[in-house]
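*Asks:* the following block contains a protein sequence and its predicted model.
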Amino acid sequence: MKKLVFSALTALTLISTAHAQQVVRIGTLADYAPFEYKDASGKLQGMEIEIGNKMCASMKVTCQWVTMDFDALIPALKARQIDAVLAQMSRTAEREKSVDFSRIFTTAPVHLVAKKGSGISHQPATLRGKTVGVQTASTHESYFRNRLPTSSSGINVKVYQSLDSAWLDLESGRIQAVFADSTVAHDWLAKGGQQAGFAFAGQAISDDAIFGAGTAIAVRKGDSQLKAQFDLAILGVHQNGYFQTVNKRYFPFSILPQ
């Protein structure tokens, strides 16, 4: 009888351990529409959440989404509070010093958004004496700090924890432009920004050294197994058409890597 009880307890322990190993804690955002946001009921929604859940199903793991500020994501990953990051994080050489990345997940150009008729464009001279809003710890902040520091460009940069606050300040006139990926900028413009008189300003700005080749999923340094799982899952949604189907519901343009 004791042997039977011991065997049963051992089996339950093994089952519980196996189940625990199937949980992948993914760090993400809650205020980066249309990729990640909370609906009226507080449920996490968005393009990356939708595709992320599909990938986790193909990996046969349980996704546990953990929301936090963007600048807290890599520290949380390194501290083992989460296992991966899926939050439109650009794969850059600077970040690869701290974390490993999956294959490229999405791509999108980078744009300024400003009031129509403001004269602001992608040309730095049009921003002299003006204030541009960027999200903290983003490649957009890095671009201005490294390429157009205030001391030489005359461009003021205001950093926000959330782009939601930057859009509000742009509407109120407290800043004159927002610098962001065309994807989230398009979403804001389509939801009211365009009607309020705002638009993309000038051409897209390219700088591979700062912006990287696209966004990817970050994992801890050396976690080759989880990286390989995500690589296969990304390849799967790219090749079976699932990514493209979801993409069309969110954007009138493709963000599928070429």
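*Replies:* Happy to help now that I have it.

*Asks:* how much space separates Asp69 from Ser138?
*Replies:* Asp69 sits at a distance of 11 Å from Ser138 (criterion: CB to CB, to the nearest Å). All C-beta atoms are positioned from the backbone trio N, CA, C, and that covers glycine.

*Asks:* what is the burial count for Arg147?
*Replies:* 14 (other CB atoms under 10 Å).

*Asks:* I'd say it and Ser206 touch.
*Replies:* No: Arg147 lies out of contact with Ser206 (CB atoms under 8 Å); the separation is 11.6 Å.

*Asks:* circling back: so which of Asp69 and Ser138 has more stuff around it?
*Replies:* Ranked by neighbour count (other CB under 10 Å), Asp69 and Ser138 place Ser138 first, with 22 against 15.

*Asks:* that one touches Leu73, doesn't it?
*Replies:* No: at 11.2 Å, Ser138 does not count as touching Leu73 under the criterion of CB under 8 Å.

*Asks:* which residues of the chain score low on pLDDT?
*Replies:* 1-21 (pLDDT under 70).

*Asks:* the spatially most central residue of it: helix or strand, and which one exactly?
*Replies:* In the chain, the residue lying closest to the centroid (CA atoms, centre = their mean) is Gln88, at 1.8 Å. Assigned by DSSP states H and E, Gln88 falls within strand 84-90.

*Asks:* run the chain-centre distance for that strand.
*Replies:* Offset of strand 84-90 from its chain centre (CA atoms, centre = their mean, to the nearest Å): 5 Å.

*Asks:* what distance do you get for Glu171 to Lys116?
*Replies:* If you go by CB to CB, the gap between Glu171 and Lys116 works out to 13 Å.

*Asks:* overlap in contacts of the two?
*Replies:* Taking CB atoms under 8 Å, 6 or more residues apart in numbering as the contact rule, Glu171 and Lys116 both touch Phe198.

*Asks:* compare neighbour counts for these two and give me the winner.
*Replies:* Between Glu171 and Lys116, counted using other CB under 10 Å, Glu171 has the larger neighbour count: 16 against 12.

*Asks:* list the contacts for the more buried one?
*Replies:* Per CB under 8 Å, 6+ apart, neighbours of Glu171: Gly193, Ala196, Phe198.

*Asks:* what count of nearby residues applies to the first one?
*Replies:* The burial metric for Gly193, expressed as a neighbour count using other CB under 10 Å, is 19.

*Asks:* also the last one?
*Replies:* By other CB under 10 Å, 22 other residues sit near Phe198.

*Asks:* ok, residues contacting the strand holding Gln88?
*Replies:* Here strand 84-90 has contacts from 24-29, 32, 35-36, 48, 52, 70, 73-74, 77, 95, 99, 105-106, 139, 181, 183-184, 211-212, 214-219, 226, 230, using CB under 8 Å, 6+ apart.

*Asks:* on that earlier part again, quick check: the residue nearest to the centre of the chain vs Ile217, distance?
*Replies:* 11 Å.

*Asks:* circling back to that earlier point, quick one: the residue nearest to the centre of the chain from Gln176, how far?
*Replies:* Separation of Gln88 from Gln176 (CB to CB): 24 Å.

*Asks:* now the strands for the chain?
*Replies:* 23-28, 31-32, 36-38, 44-45, 62-67, 84-90, 99-101, 110-115, 131-135, 156-160, 177-181, 198-205, 215-220 (DSSP state E).

*Asks:* would you turn those into a markdown table with distance to Tyr250?
*Replies:* Shown next, in a markdown table, are those (distance: least, CB to CB, whole Å):
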| stretch | distance to Tyr250 |
| --- | --- |
| strand 23-28 | 16 |
| strand 31-32 | 12 |
| strand 36-38 | 12 |
| strand 44-45 | 11 |
| strand 62-67 | 18 |
| strand 84-90 | 12 |
| strand 99-101 | 23 |
| strand 110-115 | 17 |
| strand 131-135 | 19 |
| strand 156-160 | 23 |
| strand 177-181 | 13 |
| strand 198-205 | 17 |
| strand 215-220 | 14 |
